[in-house]
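Student: Give me the fold of what follows.
(one chain, ligands or ions: 3)
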Amino acid sequence: MLKIALPNKGSLSEESRALISEAGYNCRRYSRELKVTDVEHQVEFIFLRPRDIAVYVQSGIIDLGVTGRDLAMDSESEVDELLPLGFGRSKFCYAVPEESLLTPEGFNGKRIATSYPGIVGQDLKRRNIDAAIIKLDGAIEISINLGVADAIADVVQTGRTMAEAGLRISGEAIMSSEAVLVTRKGREESLTSQEMMFIERLKGIVVARQYVMVEYDVAGEALESACAVTPGIEAPTVAPLRREGWFAVKAMAPKKDLNTIMDHLVEVGAKGVIATDIRTCRL
Ligand SMILES: Nc1ncnc2c1ncn2[C@@H]1O[C@H](COP(=O)(O)OP(=O)(O)OP(=O)(O)O)[C@@H](O)[C@H]1O
Ligand SMILES: O=P(O)(O)OC[C@H]1O[C@H](OP(=O)(O)OP(=O)(O)O)[C@H](O)[C@@H]1O
Ligand SMILES: [Mg+2]
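Tutor: Numbering: from 1, shown residues only. Ligands and ions are numbered 1, 2, ... in the order given. Next up is the predicted model:
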């Protein structure tokens, strides 16, 4: 049976389960079960601490796992990223008190608190800096205030936790993270058809979330300029309307550009412009 590890708690757990359910698999936990078997697909979902997932996957005990890119890197496990999943996005940054002028170049001899000693160790080594890493489990932002560290390195999403603790980001982000699907290093070329189907289903949803379906009516004179902003993936679908000289256009468009696209369509005289979410797709 295919074994897939999912985060049992924390920021990535709910969205992982939602994504996999959307892909048609049964990974529903009724209480605190550590395993859920999807009999139909012959998959065993195993719920583990997200931090441990790359370690299990590396050992080959688990075939595929959902974890954070930062967690996988921190564990220094030999895993390959098969698919970025588009949620749990964050940056990993150094931070110092707002009034401090300390930058990562000045960390020599300083104490840096973090729950990610692997990432910080690698980064300091790369910078040739000799600093003490203070390993803490969480609530890292308060550690400077309490006097155990001079700087921290932690996950930043909105930046609110850092600001509330009176800290500011110092230097460039060390890395960008999001939830990722991983497998043991070197396995990418020898995935089974069952694994490929799982990946394709997830990918269909992850890609669909980045697009919307845009539909509108437009007069023949404006058709070219309208299609230029909605080129679709291959090409837009254009069908004649019953109204002489008018066309209905349908195309997938990147969600992030939607408002700009709609502004342009209205500007060239398109009517009845609508955008709808796409649940899944195979491109
Ligand atoms: N506020 C956040 N926004 C987005 N992603 C986050 C956030 N906090 C942590 N993550 C991501 O979640 C993963 C860490 O998950 P983990 O469950 O270990 O910690 P957590 O979400 O902080 O949970 P907890 O603090 O309850 O243990 C990392 O990949 C990290 O980048
Ligand atoms: O930039 P923000 O949007 O504020 O999010 C980042 C914060 O979220 C996480 O903390 P969490 O709430 O999981 O607590 P923890 O530090 O105990 O893990 C992370 O460790 C940061 O502290
Ligand atoms: Mg946390």
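Student: gap between the residue of the stretch 101-250 of the chain found nearest ligand 1 and Glu76?
Tutor: Here the residue of the stretch 101-250 of the chain nearest ligand 1 is Gln157; by CB to the nearest ligand atom that distance is 3.5 Å. To be clear about C-beta, it is placed using only N, CA and C from the backbone, and glycine gets the same treatment. The gap separating Gln157 from Glu76 is 24 Å, by CB to CB, to the nearest Å.
Student: Please apply the same query to Glu188.
Tutor: With CB to CB as the criterion, Glu188 and Glu76 are 19 Å apart.
Student: now Leu223
Tutor: With CB to CB as the criterion, Leu223 and Glu76 are 55 Å apart.
Student: Neighbour count for these two, which is higher?
Tutor: Leu223 (18 against 14; other CB atoms under 10 Å).
Student: contacting residues for that one?
Tutor: For Leu223, the contacting residues are Val238, Phe247, Val249, by CB atoms under 8 Å, 6 or more residues apart in numbering.
Student: Cross those against strands and list the overlap.
Tutor: Val238, Phe247, Val249 (DSSP state E).
Student: pretty sure the second one is touching Ala222, no?
Tutor: No. Using CB atoms under 8 Å, Phe247 makes no contact with Ala222, being 9.4 Å away.
Student: Of those two, which one has the most company?
Tutor: More crowded of Phe247 and Ala222, by other CB under 10 Å: Phe247, with 21 against 16.
Student: Report the secondary structure state of Ala18.
Tutor: Look at Ala18: counting by DSSP: H, G, I helix; E, B strand; the rest coil, its state is helix.
Student: Please shift the residue numbers so they start at 7 in all later answers.
Tutor: Let's use 7 as the start, then, which means that last one is Ala24.
Student: Under the pLDDT cut-off, which ranges of the stretch 7-156 of the chain? List them.
Tutor: Along the stretch 7-156 of the chain, the model assigns pLDDT under 70 to no residue.
Student: Please, where are all the helices along it?
Tutor: Remark: helices assigned in the stretch 7-156 of the chain by DSSP state H, counting those that start in this stretch are 19-28, 56-65, 75-80, 123-133.
Student: what packs against whichever strand or helix holds Val272?
Tutor: In this structure, Val272 sits in helix 264-273 according to DSSP states H and E. If you count contacts as 3 or more CB pairs under 8 Å, 6 or more residues apart in numbering; DSSP states H and E, helix 264-273 packs onto strand 217-225, helix 229-235, strand 277-283.
Student: change it to 6 Å
Tutor: helix 229-235, strand 277-283 (3 or more CB pairs under 6 Å, 6 or more residues apart in numbering; DSSP states H and E).
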